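**Q** My questions are about this predicted structure, shown below with the sequence.
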Amino acid sequence: MSALTYPQLTQYPVVRRRKLRTVVNRSADGHVVILADAPGATTEWQLQYADLSDTEIATLESFFAAAEGTLNAFTFLDPEANLLAWSGKLDEAVWVKGPALTLTASSAGWQVSNPGVGAQSITQTIEAPAGIVYCLSAEVQGTGLVTMLAGSLRADCMLTGGRQRIVFPATPDTATFGLELPAGSAVTVQGMQVEAQWGASTYRASTTGGVYVGARLGDDALEVVTTDVNRHSCTVKVLYADHR
């Protein structure tokens, strides 16, 4: 994770563009080979701000100074994405599950069972900073207790049998999120999501997740328009090139 992280300051709507690159190879005999060039893909965000306070615009100006414009890379949390990777495949390697926990996929979601004698968890650690606001949410069905985890913080939820969305806003000490089940319990889980905000929004399925390590600013200077006392407007461009 980059030491520098984009400030937790977002106004909606956010404009997001994904640009793909294609390599074309034309041989001497006229044959053409066209291949997708995945490492050449770029993602661009246009973050438009209006009526920012003096404190908020100072935060952006300080960030521009720390990034030195387009020079230094930083971690960017996509404000419109699920920060978890493989949110719909709890058997992927990014998920760390307790040794006694069992997972079974079904059309209703994932059956998560704990036949062990102690509590068991399933968690994922994202490449994002601790100490900022996140919201963990999930759709669960079952009865009894399930505990939501955000770093060392915990929130107990009592399930009543029907499908319900459980939500846990927190400022964790580590960017590790998940669920814990007591011994002998089982629940159906789907729609696991983490967002960098206080509330839960509509679930977005994810594969790579919305954490972009190595993003850069698209401009070397921040142009600010002051519209009134303690009121400022500006536009910030963030770029990410996928060179994996």
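**A** Great, that's in hand. Numbering: from 1, shown residues only.
**Q** C-alpha from now on. contacts and neighbour counts both.
**A** Will do.
**Q** Sort out which residues of stretch 202-212 are buried, please.
**A** Using 16 or more other CA atoms under 10 Å as the test for burial, stretch 202-212 gives Y203, R204, A205, S206, G209, G210, V211, Y212.
**Q** just checking, the fourth one touches E80?
**A** No - contact between S206 and E80 fails when scored by CA atoms under 8 Å: they sit 11.4 Å apart.
**Q** what residues are up against the residue lying closest to K19 once chain neighbours are set aside?
**A** Leaving aside its chain neighbours, K19 sits nearest to T42 (5.2 Å; criterion: CA to CA, 6 or more residues apart in numbering). When contacts are counted by CA atoms under 8 Å, 6 or more residues apart in numbering, T42 touches R18, K19, L20, L239, Y240, A241, D242.
**Q** Hmm, which of the residues you listed is lowest in pLDDT?
**A** Confidence by pLDDT is poorest for L20 among those, given 61.
**Q** per-domain residue ranges of this structure.
**A** Using automatic domain parsing, the domain ranges for the chain come out as 15-80+210-241, 96-195.
**Q** which residues sit in contact with the nearest residue to I126 once chain neighbours are set aside?
**A** Leaving aside its chain neighbours, I126 sits nearest to A175 (5.8 Å; criterion: CA to CA, 6+ apart). Residues near A175 by CA under 8 Å, 6+ apart: T125, I126, E127, A128, P129, A130, A150, G151.
**Q** ok, the last one to V187 distance?
**A** This points to G151. Computed as CA to CA, to the nearest Å, the G151 to V187 distance reads 22 Å.
**Q** Kindly report the same for T102.
**A** 11 Å.
**Q** Between those two, tell me which one has more neighbours.
**A** Neighbours were counted for T102 and for V187 using other CA atoms under 10 Å; V187 has more, 22 against 18.
**Q** isn't that one right next to G144, touching?
**A** No - using CA under 8 Å, V187 is not in contact with G144, being 9.0 Å away.
**Q** coming back round to it: can you tell me which of the contacts of T42 is nearest F168?
**A** Y240 (29.3 Å; CA to CA).
**Q** what about the closest one, which helix or strand?
**A** strand 231-241 (DSSP states H and E).
**Q** which secondary structure elements does that strand contact?
**A** strand 42-52, helix 54-67, strand 211-217, strand 225-228 (3 or more CA pairs under 8 Å, 6 or more residues apart in numbering; DSSP states H and E).
**Q** which regions of this protein lie under the pLDDT threshold?
**A** Along the chain, the parts satisfying pLDDT under 70 run over 1-2, 20-24, 30, 33, 35-40, 243-244.
**Q** what sits against C157?
**A** With contact taken as CA under 8 Å, 6+ apart, C157 is in contact with L145, V146, T147, M148, I166.
**Q** ok, back up a step: would you point to the one among the domains of the chain that's packed deepest?
**A** Sort those by mean neighbour count, taking mean count of other CA atoms under 10 Å, and domain 96-195 sits at the top with a mean of 19.
**Q** any idea how far E44 lies from D78?
**A** Going from E44 to D78 by CA to CA gives 10 Å.
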